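Student: here is a sequence together with a model predicted from it:
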Amino acid sequence: MQGNTYTSQPISAAEIPREDVSRVDIEFEQVDDSGASFEGRVFLNNPGADENTEPNPENGYAGSFFIFGHGGCFGDQGHCEVDTERPFDAYDPRRSHPMTPVETSVEATEAVQRTASEGGDITVTVVPVITGFTEQTDVENVLKHDLHPRIVSYELEVETA
C-alpha cells in the first residue's frame, strides 16, 4: 500500500561537488513518525515513481529510509500534541516529545553523482510504501510535513606525511 508521494523543488546539479567526494547523503528533516510505519523509497529525477517502480538505477532509485510509526494517538485529548513552546536547553535531560518529527538520511553517493553528471536540476521524490498501520492512522497522508531534502557531500581527506 502506498501513501502520498513527495517531490522536492529542483536542486541545481552544478551545486553538487563531484571531485574528492567520499560520500553523499540525502538528508530529510521533519519526517512525521506519528502514523503508519513505512519504507521511504527515494528516487532522483523521477517524479512519477510509485510503489510499483522498480528500485534500480535506471529508474533513479537512490536508496530507502525506514520509519517505525507510532500508529496514531491512543492517549487522551492533547496527549499527542507536540509542545513547540518548550525552549531548547542543551542541559535539559528530558527527551523531546515522542511525536516530534524525526530526521533521517539515505547514503546515495553513486545515485547523486550519476544524476549530477547529467547536468541540469535534480528532484528528489519520496514514495512511502506502508508496511504497518492501525485504524487510527491516516494511510493517505503518510508524509505530513515538508521533508526539506538536502544533499550533503563529504570530502575525501588525505593525510600527508
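Tutor: Received the coordinates, thanks. Residues are numbered from 1 along each chain as shown.

Student: setting aside sequence neighbours, what's the nearest residue to residue 11?
Tutor: Nearest non-adjacent residue to residue 11, counting by C-beta to C-beta, 6 or more residues apart in numbering: residue 122, 4.8 Å away. C-beta: built from backbone N, CA, C; applies to glycine.

Student: strands paired with the helix or strand of the chain with the lowest mean pLDDT, and their directions?
Tutor: Sorting the helices and strands of the chain by mean pLDDT, DSSP states H and E puts strand 150-155 at the bottom, at a mean of 89. Sheet partners assigned to strand 150-155 using DSSP bridges are listed as strand 21-31 (antiparallel).

Student: off-centre distance for the partner strand?
Tutor: 8 Å (C-alpha atoms, centre = their mean, to the nearest Å).

Student: one more: stretch 127-144?
Tutor: Computed by C-alpha atoms, centre = their mean, the chain-centroid distance of stretch 127-144 equals 15 Å.

Student: and that stretch, how far apart are its ends?
Tutor: One end of stretch 127-144 to the other measures 13 Å (C-alpha to C-alpha, to the nearest Å).

Student: and stretch 49-60, by the same measure?
Tutor: In stretch 49-60, first residue to last residue: 9 Å (C-alpha to C-alpha).

Student: return the alpha-carbon coordinates of stretch 16-35 using CSV.
Tutor: Only the C-alpha atoms of stretch 16-35 are listed here, as CSV (Å, rounded to 0.1, in the frame of the first residue of the first chain):
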residue,chain,number,x,y,z
ILE,A,16,26.9,19.3,-6.0
PRO,A,17,30.7,18.6,-5.8
ARG,A,18,31.9,15.7,-7.9
GLU,A,19,35.6,15.6,-7.2
ASP,A,20,37.3,14.5,-3.9
VAL,A,21,33.9,13.3,-2.5
SER,A,22,33.9,10.3,-0.3
ARG,A,23,30.2,10.2,0.4
VAL,A,24,26.9,11.9,-0.5
ASP,A,25,23.8,11.7,1.7
ILE,A,26,20.3,12.9,1.1
GLU,A,27,19.0,14.2,4.4
PHE,A,28,15.4,14.7,5.4
GLU,A,29,14.1,16.9,8.2
GLN,A,30,10.6,16.9,9.6
VAL,A,31,9.6,13.3,8.8
ASP,A,32,6.4,12.5,10.7
ASP,A,33,6.5,9.2,12.5
SER,A,34,3.2,9.6,14.4
GLY,A,35,1.2,7.4,12.0
